[in-house]
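# what follows is a predicted protein model with its sequence.
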Amino acid sequence: MLADRKEVKSRRAILPDRTMLIAWVKKEVKPGKPVFERYVKETNHPTIKRALAWSNEVNKSISEMIYSIPPIPWVRESLGTLNKYSDMTVVSQTLGELLNLEWTELNVEAHGINIDDR
């Protein structure tokens, strides 16, 4: 954890109380943005609200920089071959909107892969 790093300790950094966030991660069986947004509304806790704001900013930053990044070498060919023999699903914590945007730009979705952003 960040609080245990010597660099953080040497600077005597004061970190926000993460107790509620850690508890949610441990108990939630289907963590994801919609569930976390409900938790923010239920608790109205400043640290939880801050975590959601940070998550939204990360998603925004990713959406601004995913253009023109080539896929891993041979991924299109590999997906095309696999698609002949099986159904495929991508299960990701990444926002489905961002996955779909990126995969559409890269023409990866043409291989009939279901994207599931739980």
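Cool, got the structure.
# what sits up against stretch 5-23?
With contact meaning Cβ atoms under 8 Å, 6 or more residues apart in numbering, stretch 5-23 is reached by L2, A3, T43, H45, T47, I48, R50, A51. Where C-beta positions appear, they are placed from N, C-alpha and C, glycine not excepted.
# just the CA atoms of that stretch, as CSV, please.
Provided in CSV are the C-alpha atoms of stretch 5-23 (Å, rounded to 0.1, in the frame of the first residue of the first chain):
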residue,chain,number,x,y,z
ARG,A,5,6.2,3.0,1.1
LYS,A,6,9.4,4.5,2.5
GLU,A,7,9.1,7.6,0.2
VAL,A,8,5.7,8.4,1.6
LYS,A,9,6.8,7.8,5.1
SER,A,10,9.9,10.0,4.7
ARG,A,11,7.7,12.9,3.5
ARG,A,12,5.3,12.4,6.4
ALA,A,13,2.5,12.5,3.9
ILE,A,14,-1.0,12.6,5.3
LEU,A,15,-3.2,10.2,3.2
PRO,A,16,-7.0,10.2,3.2
ASP,A,17,-8.8,7.7,5.3
ARG,A,18,-9.4,4.7,3.0
THR,A,19,-11.3,2.6,5.5
MET,A,20,-14.6,2.8,3.7
LEU,A,21,-13.1,2.4,0.3
ILE,A,22,-11.2,-0.7,1.4
ALA,A,23,-14.3,-2.1,3.1
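# list the buried residues of it.
Within stretch 5-23, the residues scored as buried using 16 or more other Cβ atoms under 10 Å are L21.
# and the host helix or strand of V58, how far out from the chain middle?
V58 belongs to helix 46-65 when assigned by DSSP states H and E. In terms of Cα atoms, centre = their mean, to the nearest Å, the centre of helix 46-65 is found 10 Å from the chain centre.
# next helix or strand past it?
In N-to-C order, the element after helix 46-65 by DSSP H and E is helix 75-85.
# and the helix or strand just after that following helix, which strands flank it?
For helix 75-85, the following helix or strand on the C-terminal side (DSSP H and E) is strand 89-91. Take DSSP bridges as the rule and strand 89-91 pairs in its sheet with strand 114-116 (parallel).
# domains of this structure?
Using automatic domain parsing, the domain parsing of the chain gives 17-65, 75-116.
# no further queries at this time; thank you.
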